[in-house]
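K.L.:
Provided below are the primary sequence and the corresponding predicted coordinates.
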Amino acid sequence: MTTPIITPKRTREQRLQALQHANEIRAHRARVKVRLAAGEVGLVDLIDDPYMATAKVVEFLRCIPKIGKVKAHRALQASGVSPSKTFSGMTERQWRSLASLLHANQFYAAHEQRVAANERTAA
């Protein structure tokens, strides 16, 4: 017989604060997806973003133009990364492998060109 898990009681203020924090994270991730699709940032630029720590890498990989479900899963598989892996759960080796694979493939070249063009216009 297992004992039931008792969650700690939270005040209304604590619940509202947690909800506000969760909404901030969701809004930030939505903005990041738009920026990825526009070529303003690269996937590797998001490694140290604290709002991305618990996000699944595959979800954001699919935001890059010309990368759909199949290419995203193939890239992760070739890099030795589980599709359920989060940003904070990936090792440096896995990041390097994924980044080199993305840079080596032509479907990422157009994205990189847009990023470089955006950097030139911003400077």
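P.N.:
Arrived safely, thanks for sending. Numbering: from 1, shown residues only.
K.L.:
And the next helix or strand past the lengthiest helix in the chain?
P.N.:
The helix that spans the most residues within the chain, counting by DSSP state H, is helix 12-38. Downstream of helix 12-38, the first helix or strand assigned by DSSP states H and E is helix 57-61.
K.L.:
in that next one, what counts as buried?
P.N.:
Neighbour-count burial for helix 57-61 flags 57-58, 60-61 (criterion: 16 or more other CB atoms under 10 Å). The way it works is simple: take the backbone N, C-alpha and C, and place the C-beta from them, glycine included.
K.L.:
Report all helices and strands that the longest helix of the chain contacts.
P.N.:
Counting contacts by 3 or more CB pairs under 8 Å, 6 or more residues apart in numbering; DSSP states H and E, helix 12-38 packs against helix 57-61.
K.L.:
so how far is the helix it packs on from its chain's centroid?
P.N.:
Offset of helix 57-61 from its chain centre (CA atoms, centre = their mean, to the nearest Å): 5 Å.
K.L.:
pLDDT of it, averaged?
P.N.:
If you average the pLDDT over helix 57-61, you get 94.
K.L.:
Thank you, goodbye.
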